[in-house]
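>>> Provide a 3D model corresponding to the input given below.
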Amino acid sequence: MPKLKTRRAAAKRFRATGSGKILRRKAYKNHLLQHKTSTRKQRLSKLTVVDERDAENVRLMLPYL
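Below you'll find the model as predicted:
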């Protein structure tokens with residue numbers, strides 16, 4: 001069997017935890033930040049787990065994750 005290729009765009013956006021869950025960044029923290037509260041920006045900075053419905057598609061894009 002040939003080696004499987006990794007989707008490079010997905011590799012830059014997701015990573016796995018030790019237990020095998022997939023982490024992602026939260027949206028809405030790129031621009032237009034001055035009207036958002038500090039608390040909201042702090043909350044958006046943290047990583048979160050990818051929903052299980054989407055995790056299957058991410059795993060297909062990242063075969064060696």
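>>> if I look at the residue lying closest to A16 once chain neighbours are set aside, how far off is T6?
Nearest residue to A16 in three dimensions, chain neighbours excluded: L65, at 5.0 Å (C-beta to C-beta, 6 or more residues apart in numbering). For every residue, glycine as well, the C-beta is placed using N, CA and C. L65 sits 8 Å away from T6, going by C-beta to C-beta, to the nearest Å.
>>> hang on, the earlier thing: the residue nearest to A16 and N57, how far apart?
On the measure of C-beta to C-beta, L65 and N57 end up 12 Å apart.
>>> who's more crowded, those two?
The residue with more neighbours, out of L65 and N57, is L65; 14 against 11, by other C-beta atoms under 10 Å.
>>> Thought L23 was touching the more buried one, still the case?
No - between L65 and L23 there is no contact under C-beta atoms under 8 Å: 10.7 Å.
>>> Now do the shared contacts for these two.
14-16 (C-beta atoms under 8 Å, 6 or more residues apart in numbering).
>>> backbone phi and psi for the residue nearest the centre of the chain, please?
With distances taken as C-alpha atoms, centre = their mean, the residue of the chain nearest its centroid is R24 (2.0 Å). With angles defined as degrees, to the nearest 10, R24 sits at phi -140, psi 160.
>>> Spatially nearest residue to it (excluding sequence neighbours)?
Per C-beta to C-beta, 6+ apart, closest to R24 is V50, 5.1 Å.
>>> Can you report how many residues neighbour the one you found?
18.
>>> Can you give me the distance of it to K3?
In terms of C-beta to C-beta, V50 sits 24 Å off from K3.
>>> And G20, by the same measure?
21 Å.
>>> hang on, the earlier thing: for the residue nearest to R24, what are its contacts?
By C-beta under 8 Å, 6+ apart, the neighbours of V50 are 14, 21-24, 58.
>>> Return the members of those residues classed as buried.
14, 22, 24, 58 (16 or more other C-beta atoms under 10 Å).
>>> elements contacting whatever helix or strand the last one lives in?
Following DSSP states H and E, the helix or strand that holds V58 is helix 52-61. Counting contacts by 3 or more C-beta pairs under 8 Å, 6 or more residues apart in numbering; DSSP states H and E, the secondary-structure elements packed against helix 52-61 are strand 22-24.
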